[in-house]
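[1] Please find the sequence and the predicted model below.
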Amino acid sequence: MPTWGEILAELNAVQQSTGQLPYDSVRRKYLKALHQHTRRQTILYATKWTQTGTGTIEPAAVSITDEDIQGFMEVIYGLKEKSLDLILHSPGGSAEAAEGIVTYLRSKFDDIRVIVPQAAMSAATMLACAANQIVMGKHSFLGPIDPQFILQTPIGVQAVPAHAILDQFKQAQNDCKNPQLLSSWLPILSQYGPGLLVQCKNAIDLSQELVKNWLHTYMFQGKTRNPSTRIAKKLAAHRDFKSHGRHIGIQQAISLGLVVEALENNHTLQGTALSVYHATMHTLAATNAVKIIENHLGTPPIHPPAQP
C-alpha cells in the first residue's frame, strides 16, 4: 500500500487529470480496501488535532462530544454485520460522551477492534478500552485517562488535571496551618469554585469505573485472568504519568495488561489501515474539515464536508 508521500502524489495526479478535489474519493477508496481485506464493518473517526496551524480551532470541535452520536448513527445505518473495526485518531474529550458512544456501539456490534494509527488519548483511550482488542503500531500511542478541568486562572484558561487540583488543595491545607503562608495561597485557592473538589473526585471515580467495567465486560469477558481494576487504576494514575499528554506506546500498553495486537504482524492490515490514515490526514490538512466520521460504504463525512 502507498506511503504518505505516495498518497499525496496520487491526490495531486487525480486533481490534475480530473479538475476535481480528490480527498474524499481517495480516502474512501482506501477505507473500502481495508474493509475488503478484513471483511469487517469499518468506521473511521478522526479529528484535526495533530496538524500544524490548528490553534484557532475550538477544542470542542476536535473533541469527543455528545454530538458525535449523530455521526455514528449516520454511519452505522445500513451496516448489518456484528464485527467492527474502528479506526480512531482523537485527543479525547468528554468521558460522558465516550460512554454514550460505547453504549451505542455495543448495542450494534458484538466484536469491536479499535485500530490506533497514531494516537488515541484521554477519553479516546477510554473508548479503546471498550474494545475486544486494540491494534497499535510501533508509532501508535494511548494516553492516561485522568480527567481534566478547564479553569479560568490569572494566566488565562488552563486545562488542569483533577488529581493536581486535589493534591494542591491538600498542600494548601498543610501550608495554611502557618498563618504566614496564608496570603500566598489565597490567590490560588480563589480559582476554585464551590463544589470543585467534589467534582474532581467524582470525575476521577467515573473515568476509572467506566474503563474498569468496559474492560471487564468486553476485553476480558470469560477470561480467567481479569486485570480490569488494576489497568483502570494505572491508566488514571496522574502521579505516575506526571502529564495528561504522556504517550503510552504499544509495549507499555501490553505490559499494563491490555489485549493489544501489533499492527506490524499483518502487513496487509498495516498497509491498508495506514493508507486510510494518511489519506485522512491529507484531507484534514488541505480542507476545512475538522472531524471525519465515515464508514467503508462512503457515507458522507461529518463536520463539515471536505471543502477547500
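    Sure, I can see it. Numbers count the residues shown, from 1 in each chain.
[2] Please identify the helix or strand for the spatially most central residue of the chain.
    The residue lying closest to the centre of the chain (CA atoms, centre = their mean) is Ala124, at 2.5 Å. In the assignment (DSSP states H and E), Ala124 maps to helix 123-128.
[3] Show me which positions of that helix end up buried.
    Of the residues in helix 123-128, 123-128 count as buried by neighbour count, 16 or more other CB atoms under 10 Å. Backbone N, C-alpha and C define where each C-beta goes, glycine included.
[4] Kindly format the C-alpha coordinates of that helix as CSV.
    Extracted C-alpha coordinates of helix 123-128, given in CSV (Å, rounded to 0.1, in the frame of the first residue of the first chain):
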residue,chain,number,x,y,z
ALA,A,123,-11.3,9.8,26.6
ALA,A,124,-10.3,8.2,23.3
THR,A,125,-8.1,5.8,25.3
MET,A,126,-11.2,5.1,27.4
LEU,A,127,-13.2,4.4,24.2
ALA,A,128,-10.4,2.0,23.0
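[5] What is it packed up against?
    Packing contacts for helix 123-128, counted by 3 or more CB pairs under 8 Å, 6 or more residues apart in numbering; DSSP states H and E, involve strand 83-89, helix 95-108, strand 111-116, helix 196-214.
[6] which one of these lies closest to Ile69?
    Among the helices and strands packed on helix 123-128, the nearest to Ile69 by CB to CB is helix 95-108 (5.6 Å).
[7] hmm, who's touching the closest one?
    Under the contact criterion CB atoms under 8 Å, 6 or more residues apart in numbering, helix 95-108 has outside partners 64-66, 68-69, 72-73, 76, 79, 82, 84, 86, 112, 123-124, 126-127, 130, 145, 147, 203, 206-207, 210, 214, 218.
[8] Tell me where the chain is predicted with low confidence.
    1, 52-55, 150-159, 182, 185, 187-194, 300-308 (pLDDT under 70).
[9] for it, what spans make up the strands?
    Taking DSSP state E, the strands of the chain run over residues 41-47, 83-89, 111-116, 119-120, 133-136, 141-142, 148-153, 156-161, 260-262, 291-295.
[10] orientation of the last one relative to strand 83-89 in degrees?
    Following axes from the mean of the first three to the mean of the last three CA atoms, to 10 degrees, one obtains 160 degrees for the angle between strand 291-295 and strand 83-89.
[11] Neighbouring strands - and their directions - for strand 291-295?
    With DSSP bridges as the test, strand 291-295 is paired with strand 41-47 (antiparallel).
[12] starting at the chain centroid, how far to the strand it pairs with?
    11 Å (CA atoms, centre = their mean, to the nearest Å).
[13] can you check stretch 118-138 too?
    Distance of stretch 118-138 from the chain centroid (CA atoms, centre = their mean) equals 7 Å.
[14] Using a markdown table, please lay out the helices and strands packed on helix 123-128 together with mean neighbour count.
    Output for these, formatted as a markdown table (neighbours: other CB atoms under 10 Å):
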| stretch | mean neighbour count |
| --- | --- |
| strand 83-89 | 23 |
| helix 95-108 | 18 |
| strand 111-116 | 24 |
| helix 196-214 | 18 |
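[15] Quick check: which of these is nearest to Glu294?
    strand 83-89 (9.4 Å).
[16] Can you list the neighbours in contact with that closest one?
    Here strand 83-89 makes contact (CB under 8 Å, 6+ apart) with 34-35, 38, 40-47, 50, 105, 108-120, 124, 127-128, 131, 273, 276-277, 280.
[17] what's the answer for stretch 261-273, then?
    Residues contacting stretch 261-273 (CB under 8 Å, 6+ apart): 1, 30, 33-34, 37-38, 87, 115, 117, 133-138, 140, 250, 274.
[18] Of those residues, keep whichever come out buried.
    Among these, those classed as buried by 16+ other CB under 10 Å are 1, 30, 33-34, 37-38, 87, 115, 117, 133-137, 140, 250, 274.
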